[in-house]
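*Asks:* output the structure for:
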Amino acid sequence: MKLSIVIPVHNEEKLINKVTKELIWELEQNHINYEIIMVNDNSTDGSPPILKALSLENKNIKVVSSRFPRGFGWAIRQGLENISGEAVVIFMGDGSDDPKDLIRYYEKLKEGYACVFGSRFIRGAKIKDYPLVKLIFNRLGNKLIQLLFLIPYNDVSNAFKAYRREVIEAIQPLVSQYFNITVEIPLKAIIRGFSYTVIPINWYGRQSGVSKYHIKELMRKYFFSILYVWLEKILLKEELRFKTKLK
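*Replies:* Purely as a prediction, here's the structure:
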């Protein structure tokens, strides 16, 4: 099974070379057929030449320059348009995700799951240097999601997840332009009934660079995405009820 890894990159000149090479080492040590789609999200630092150099070093790396305005969601959507693998993982370029967890995702996909989700808030997970205010909003937001969608999964808002290609195709169109895409994708997969499993993962606070996550700016966008998919869930339920009556 070929695995596509989508990495959005915005001004990560200090980290992206290290992050990419550590990821490649894990992939090759585990003999995984892979491609890495690196999406340059309007970087204004030295990231673009670093990405180009990485792609010249490794034929499995493809660099895509975003044709959209700056935005994490835009970058993810463009990356997903360029995958050729049977499955895809969204992986952060800031060093927060553990490449070893990506290998564990791959193994779970091979077991037959359509989606593999990680949680930083279950037994076996490890978190390092998570900002307190961000943590509080994370826990409140995920609790709201659990209540609205009646699901036990408690870390929906984390971007680092794995999906089979058919899941990505089934949840189109994606509409989120910013970090709220992190809830749109998994929630759409869940309400469509795709199978998933949850495993504990590690998360590390960035060691350099500047976080692109701005809580006040994104609260409204997250709420929009949650409400949007919740309404979609209601419509899907009504559509199923209608089709059942016709039978």
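*Asks:* tell me which residues in the helix or strand hosting Pro49 are buried?
*Replies:* According to DSSP states H and E, Pro49 maps onto helix 47-57. For helix 47-57, a neighbour-count test (16 or more other CB atoms under 10 Å) marks 47-48, 50-51, 54-55 as buried. In this view, the C-beta of every residue, glycine as well, is placed from N, C-alpha and C.
*Asks:* reformat the residues you listed as a markdown table; add pLDDT.
*Replies:* Formatted as a markdown table, these follow (pLDDT from 0 to 100):
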| residue | pLDDT |
| --- | --- |
| Ser47 | 98 |
| Pro48 | 98 |
| Ile50 | 98 |
| Leu51 | 98 |
| Leu54 | 98 |
| Ser55 | 98 |
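*Asks:* same list, the residues you listed, but as TSV with distance to Ile127 please.
*Replies:* Formatted as TSV, the buried residues of helix 47-57 follow (distance: CB to CB, whole Å):
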residue	distance to Ile127
Ser47	26
Pro48	31
Ile50	28
Leu51	28
Leu54	28
Ser55	32
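*Asks:* nearest to Glu86, of these?
*Replies:* Proximity of the buried residues of helix 47-57 to Glu86 (CB to CB) peaks at Ser55, which lies at 22.1 Å.
*Asks:* what residues does the nearest residue to that closest one once chain neighbours are set aside make contact with?
*Replies:* In this structure, Ser55 finds its nearest non-sequential neighbour in Ile61, 4.4 Å apart by CB to CB, 6 or more residues apart in numbering. Going by CB atoms under 8 Å, 6 or more residues apart in numbering, Ile61 touches 20, 35-36, 38, 54-55.
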